[in-house]
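Trainee: After the sequence you'll find the predicted model.
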Amino acid sequence: MSLSAKRRWRSSEEIALRFLEEQGYKILDTHYKIKIEGVEIGEVDAIVEDEEGNRYAVEIKAGRIDVTGIRQAYVNAQLLGYKPLVIAKGFSDESAALLAEKLGVKVIQLSDYFLVESEELETLIKASIRSIIEEFLNALLITKDLSPEEVDFLSIISTSRNIKEAADKLGISVEEIARKIKRLQNKGVLSKRTKSFQEIRLYAQLLLLRENLRRILELIKSCCSRAE
């Protein structure tokens, strides 16, 4: 069974975002809408920030990038006021490479390691899904007690679309949010294997579900004790 073009692209997007995180970039947002005076005129695949605080509008290509793709990435980044960044499997031709250099479009070329056939990709996806399910089920078995402050923090994380929104809700910087998440990982509350904000958000939702179930069970136990 082969993968559809849409599913294949989504897998390429996930690989690209994980690759960026491994290189030290923070994923601030995905599928970000570009608007002018409230009118949507385009979309970038992601907004990321490097370790020096530079922000990039990211275009992810499942194949090779051509001249049109380079121009699109440049214009979208200019509209948002960010630097242009493209992740692809190389340039379609020399003119695309020359244009990228001329416009200052940063292009990260994924190595052949990421070039897999659809059947192999489907196997990888299924393995990843099993790993994710196992990881999140483990969240329900964590015995660490949560303080009221930690519960409040996880509640904000669980209802935010991205790390910047969470930071805005708490009135702190993205860096401080990252430090708080790191402390919870070191404490064993959050898994150290969760790297993207989307994974951390799901993990937070499960922890809050576990916390609510624990409180319900304690209430039932208390009621039963009084009834005796």
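Mentor: Noted; the coordinates are in hand.

Trainee: how much space between the residue nearest the centre of the chain and I27?
Mentor: Central residue of the chain (Cα atoms, centre = their mean): S196, 3.9 Å from the mean position. Remark: distance between S196 and I27 (Cβ to Cβ, to the nearest Å) = 6 Å. The way it works is simple: take the backbone N, C-alpha and C, and place the C-beta from them, glycine included.

Trainee: what sits in contact with each of these two?
Mentor: Listed as contacting both S196 and I27 by Cβ atoms under 8 Å, 6 or more residues apart in numbering are 17, 21.

Trainee: For the residue lying closest to E176 once chain neighbours are set aside, which residues are in contact?
Mentor: Computed as Cβ to Cβ, 6 or more residues apart in numbering, the closest residue to E176 that is not its neighbour in sequence is A167, at 7.2 Å. With contact taken as Cβ under 8 Å, 6+ apart, A167 is in contact with 173-174, 176-177.

Trainee: I'd like the mean pLDDT over the strand or helix carrying I220, please.
Mentor: I220 is part of helix 197-227, with elements assigned from DSSP states H and E. Across helix 197-227, pLDDT averages out at 80.

Trainee: Which stretches in the protein count as strands?
Mentor: With strands called from DSSP state E, the chain shows them at 26-36, 39-49, 55-60, 83-88, 106-109.

Trainee: do you know which of these lies nearest K192?
Mentor: Closest approach to K192 among the strands of the chain is made by strand 26-36 (16.4 Å; Cβ to Cβ).

Trainee: okay, the angle between that closest one and strand 39-49?
Mentor: Orientation of strand 26-36 against strand 39-49 (axes from the mean of the first three to the mean of the last three Cα atoms, to 10 degrees) gives an angle of 160 degrees.

Trainee: How about the contacts made by L170?
Mentor: 153, 156, 177.

Trainee: Most neighbours among these, which one is it?
Mentor: I177 (24 neighbours; other Cβ atoms under 10 Å).

Trainee: so that residue makes contact with E165?
Mentor: No: applying Cβ atoms under 8 Å, one finds I177 not in contact with E165, separated by 10.0 Å.

Trainee: buried stuff in stretch 170-179?
Mentor: 170, 174, 177 (16 or more other Cβ atoms under 10 Å).

Trainee: got it, and stretch 54-67?
Mentor: So, applying 16+ other Cβ under 10 Å, buried residues of stretch 54-67: 55-62, 65-67.

Trainee: Stretch 12-21 too?
Mentor: For stretch 12-21, a neighbour-count test (16+ other Cβ under 10 Å) marks 12-13, 15-17, 19-20 as buried.
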